[in-house]
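J.: show me the folded form of this:
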Amino acid sequence: MGTPIVVCSVCELHAEAVFCVDGMDCSEEITILERRLKPLAGLEALSADLIGQRLYVQYDAARLSTATMVDAVGNTGMRIWLEHDAPVSSGGLEWRWRLVLASAGCVAVGSALALTGLSDWARWCFLAATALGGACPARRALVSLRTRSIDINVLMVAAVAGAIALGDWFEAAAVVLLFAVAQWLEARTLDRARQAIRALMDLSPAEALVRRDGRDVSVAVDRVTIGEEIIIRPGDTVPLDGVVSAGQSDVNEAPLTGESLPVDKAAGAEVYAGTVNGGGALDVTVTRLRRDTRLARIIHLVETAQAQRAPTQAFVERFARVYTPVVMAGAIAVAVLPWLAGGDVEVWTYRALVLLVTACPCALVISTPVSVVAALAGAAKRGVLIKGGVHLERLAGVRVVAFDKTGTLTRGEPRVRVVHPVGPMTAEQVVRLAAAVELRAVHPIGVAVTRHGAELYGEVTPAADVTVLPGLGAEGTVEGRHIVVGNARLFRERGLSVREDDLAALKTHGGTLIFVAADGQAVGVIAVADSSRDTARETVRLLRDQIDRVVMLSGDRPEAAGPVARELGIDEWYAGLLPDEKHATIAALRQTHGSVMMVGDGINDAPALAAADVGVAMGTTASDAALETADVALLSNELLRLPYVVRLARATLRNIHANITIALALKAAFLVMAVTGSATLWMAILADTGASVIVVVNALRLLRAE
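T.: Numbers count the residues shown, from 1 in each chain. I've put the predicted structure just below:
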């Protein structure tokens, strides 16, 4: 998906651009880019996404152009393109890797010559290998020094120059070759993490079947306009968001929402790009262009979330900025102090060079972002959007989960829970009479009664002479009998009554009581209440195994909220809360128990979601606003995603800590080995490469976390 330059509606001179960056595989290269671009007049803001190899820039278009930025980066050894202009890889070897292959060939020939005793010729081969393999690192080292930055390229060039000065020709060539192979391994391993984002982008097809001038023609998705009609054949992937205008089918929305069961679609239903059509054909009227589809929004959110640094990541980067100069100073001390004390200059200089190579903090710096992006991509594949590393870390520390009731733990639509006859009629007869009167009702409670009657009888015959009594109920004639259906107030006004013993049994079910009378006599009471979601109880049980407390916040009456809380095993519940009272309750829970996650619909619960450490919006296929406002957004109403996301967050934090430990442990071991003379230059390069690869591979396990 290409992201065009966005021009601010307030001032056309203020613009944003997204660049793809070729060759940005280490945090040190981000520093080079920042130091090269920030001095440019007109640059307003700059952020880099290492995993996605993207650069996000805000600038004043009157003073700075994208061409100027491209030129400025050109002499760093990296190249940038506007994202929608980025070239497609041909799959061939890049020139720098050709140089590496040539360097490897020279090392092989030189080694063979050395074994046959032709040491002078071998030396020239090793020198050629060093020049070929070191050309790119030397260029980058020069750029780093110009921008007052010390990175792995500077350290490596210094080490190679030192090895040549000491006459270690083979060592110098081996270090250059191993360093190039190390960079290639890191780049390829990081690319596996990038593939997770590309997999999301590949969900949407490149072409759509569009009906134009009475014919169905295949058209590039970018050329389809809003209002055009596209044809979705059985088995096709939906190319654009739209509304079904004709046809009926079941659509698999799992690629987008994680919902396991197909969703029935008919005229008037929305379909989304990236979902897969089932056995029927659909005519769909396009409602969003490719860049605005829900899939495109999801991809954009995942990509921008990667640029939001987690607290651990920010700490590691600050640490690395101090760590590298300190190790540099240590290397100088290792070379100079023993020499001043009468030690062997060559021995201690070599050890200092090993220490320089060991100093590279790449594995340490990448330990956090690669874990975060793997977790974000893995969650997105399962229908969960997490807005960045900071929210991921907060999720890992959650001690309390607070749920809104209606529409979150419950379905948000009343259903008949129990029918209690109070006279000679059966429960079925009571429902049939009430449903006949309520057949044309628009009130949710009346609709619930009618639906229940239809489930029992298949078809309900409407009552005659129906009169709606606003705020009370309705009355009409069914089979010659005068039927009254309404609330307790209506019964009192009509002089009707129901024994308290009958009401007591019904109140335990919660919800609203509907009274039914026939010819002036009470014949039954119907309890109507919102029903809990199928997986709500299991979700609460799993969460209670992970955290301290599960709480329910509701604006409903206590008699409606209480039964739901008891049914689901909620630890603590509050009823009759206004939005500001929910906000205050969240604050009190945090003070008492610690970090709080609030789960709601993203709009009505906005104050509570804002007050919580982590706000989670449910079912965002019905709410575009939730995608933008929540810290975490579930793309379906599947509550079991909540225990999963808590598990994922904690697994990610463990992964980050393990990666940091691995990186620091290897660095510490080789620092000791460098000083004691147990390590060589090529061993230090292998250690640095190994640490980076181990860290990335360990993080990629999060893509498969369940």
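J.: contacts and neighbour counts: CA atoms only from here.
T.: Fine.
J.: so where's the stretch 101-250 of the chain uncertain?
T.: Applying pLDDT under 70 to the stretch 101-250 of the chain flags the ranges 151, 182-183, 185-202.
J.: mind redoing it with 80?
T.: Within the stretch 101-250 of the chain, the stretches with pLDDT under 80 are 117, 136, 140, 143-156, 159, 175, 178-204.
J.: hey, where'd the strands end up in it?
T.: For the stretch 101-250 of the chain, the strands defined by DSSP state E, counting those that start in this stretch occupy 207-212, 215-220, 229-232, 242-247, 249-252.
J.: tell me what the last one is packed against?
T.: Under the contact criterion of 3 or more Cα pairs under 8 Å, 6 or more residues apart in numbering; DSSP states H and E, strand 249-252 touches strand 263-265, strand 276-277.
J.: make TSV out of those and add mean pLDDT and mean neighbour count.
T.: Formatted as TSV, the helices and strands packed on strand 249-252 follow (pLDDT from 0 to 100; neighbours: other Cα atoms under 10 Å):
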stretch	mean pLDDT	mean neighbour count
strand 263-265	84	17
strand 276-277	90	25
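J.: may I see the buried residues of stretch 275-291?
T.: Neighbour-count burial for stretch 275-291, counted by 16 or more other Cα atoms under 10 Å, picks out 275-278, 281-291.
J.: from Arg146, how far off is the nearest residue to Val100 once chain neighbours are set aside?
T.: Spatial nearest neighbour of Val100, excluding adjacent residues (Cα to Cα, 6 or more residues apart in numbering): Gly133 at 5.1 Å. Counting by Cα to Cα, to the nearest Å, the gap from Gly133 to Arg146 is 22 Å.
J.: got it, and Ala633?
T.: 44 Å.
J.: count of neighbours near the residue nearest to Val100?
T.: 30 (other Cα atoms under 10 Å).
J.: contact partners for Asp404?
T.: Going by Cα atoms under 8 Å, 6 or more residues apart in numbering, Asp404 touches 552-554, 598-601, 605.
J.: just list whatever residues bridge to it.
T.: Leu553 (DSSP bridges).
J.: list of residues touching stretch 638-653?
T.: 259, 371-372, 375, 379, 384, 392-393, 395-398, 535-536, 538-539, 542-543, 546, 619, 634, 702, 705-706.
J.: for that stretch, C-alpha coordinates in PDB please.
T.: Output in PDB follows, covering the C-alpha atoms of stretch 638-653 (Å, rounded to 0.1, in the frame of the first residue of the first chain):
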ATOM      1  CA  GLU A 638     -14.600 -12.100  20.400                       C
ATOM      2  CA  LEU A 639     -13.900 -11.600  24.200                       C
ATOM      3  CA  LEU A 640     -11.400 -14.500  24.200                       C
ATOM      4  CA  ARG A 641      -9.000 -12.100  22.500                       C
ATOM      5  CA  LEU A 642      -8.500 -10.300  25.800                       C
ATOM      6  CA  PRO A 643      -6.800 -13.200  27.700                       C
ATOM      7  CA  TYR A 644      -4.700 -13.700  24.600                       C
ATOM      8  CA  VAL A 645      -3.600 -10.100  24.400                       C
ATOM      9  CA  VAL A 646      -2.600 -10.100  28.100                       C
ATOM     10  CA  ARG A 647      -0.600 -13.400  27.600                       C
ATOM     11  CA  LEU A 648       1.000 -11.900  24.500                       C
ATOM     12  CA  ALA A 649       2.100  -8.700  26.300                       C
ATOM     13  CA  ARG A 650       3.700 -10.600  29.100                       C
ATOM     14  CA  ALA A 651       5.400 -13.000  26.700                       C
ATOM     15  CA  THR A 652       6.700 -10.000  24.800                       C
ATOM     16  CA  LEU A 653       8.100  -8.400  28.000                       C
END
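J.: follow-up on the earlier one: Ala633 and Arg146 - which one has more neighbours?
T.: Ranked by neighbour count (other Cα under 10 Å), Ala633 and Arg146 place Ala633 first, with 27 against 14.
J.: can I take it that the more buried one is in a strand?
T.: Yes: counting by DSSP: H, G, I helix; E, B strand; the rest coil, Ala633 is part of a strand.
J.: Trp81 and Ala610, how far apart?
T.: For Trp81 relative to Ala610 (Cα to Cα), the value is 38 Å.
J.: oh sorry, the question was meant for Ala174
T.: Look at Ala174 and Ala610: by Cα to Cα, they are 56 Å apart.
J.: between the two, which has more neighbouring residues?
T.: Ala174 (22 against 18).
J.: secondary structure element for the residue lying closest to the more buried one once chain neighbours are set aside?
T.: Nearest residue to Ala174 in three dimensions, chain neighbours excluded: Trp682, at 6.5 Å (Cα to Cα, 6+ apart). Counting by DSSP states H and E, the element that carries Trp682 is helix 681-700.
J.: neighbours of Asp613, how many?
T.: Around Asp613 there are 21 residues (other Cα under 10 Å).
J.: please identify the nearest residue in space to it, excluding sequence neighbours.
T.: Val596 (5.4 Å).
J.: do you know how far that neighbour is from Val632?
T.: Taking Cα to Cα, one finds Val596 at 13 Å from Val632.
J.: of these two, which one has the most company?
T.: Neighbour totals were compared for Val596 and Val632, and Val596 leads with 28 against 25 (other Cα under 10 Å).
J.: wait, that one sits on Val400?
T.: Yes: using Cα atoms under 8 Å, Val596 is in contact with Val400, at 4.8 Å.
J.: need the overlap of contacts for those two.
T.: 589-590.
J.: just put the helices and strands packed on strand 249-252 in JSON lines and tack on distance to Val431.
T.: As requested, these are exported to JSON lines (distance: least, Cα to Cα, whole Å):
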{"stretch": "strand 263-265", "distance to Val431": "29"}
{"stretch": "strand 276-277", "distance to Val431": "39"}
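J.: which of these sits closest to Glu34?
T.: strand 276-277 (42.1 Å; Cα to Cα).
J.: show me what that closest one is packed up against.
T.: Looks like strand 276-277 contacts strand 249-252 (3+ Cα pairs under 8 Å, 6+ apart).
J.: would you put the C-alpha positions of the strand it packs on in CSV?
T.: Only the C-alpha atoms of strand 249-252 are listed here, as CSV (Å, rounded to 0.1, in the frame of the first residue of the first chain):
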residue,chain,number,x,y,z
SER,A,249,-23.2,-15.2,0.4
ASP,A,250,-21.2,-16.0,3.5
VAL,A,251,-17.9,-14.1,3.9
ASN,A,252,-14.9,-15.2,5.8
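J.: centre of the chain to it, how far?
T.: Here strand 249-252 is found 25 Å from its chain centre; the criterion is Cα atoms, centre = their mean, to the nearest Å.
J.: how about stretch 389-403?
T.: 14 Å.
J.: please name the residues that touch the residue nearest to Ser204 when sequence neighbours are not counted.
T.: Nearest residue to Ser204, sequence neighbours excluded (Cα to Cα, 6+ apart): Gly274, at 4.6 Å. Contact analysis of Gly274 by Cα under 8 Å, 6+ apart lists 203-205, 237-240, 253, 255-256, 295.
J.: make it 7 Å
T.: Residues in contact with Gly274 (Cα atoms under 7 Å, 6 or more residues apart in numbering) are 203-204, 237-239, 255-256, 295.
J.: regarding the protein, what is its longest helix?
T.: helix 641-676 (DSSP state H).
J.: what's the angle from it to helix 681-700?
T.: 170 degrees (axes from the mean of the first three to the mean of the last three Cα atoms, to 10 degrees).
J.: now helix 641-676: buried residues?
T.: In helix 641-676, counting by 16+ other Cα under 10 Å, buried: 641-653, 655-656, 658-660, 662-664, 666-667, 670-671, 673-675.
J.: do stretch 356-375 as well
T.: For stretch 356-375, by 16+ other Cα under 10 Å, it's 356-375.
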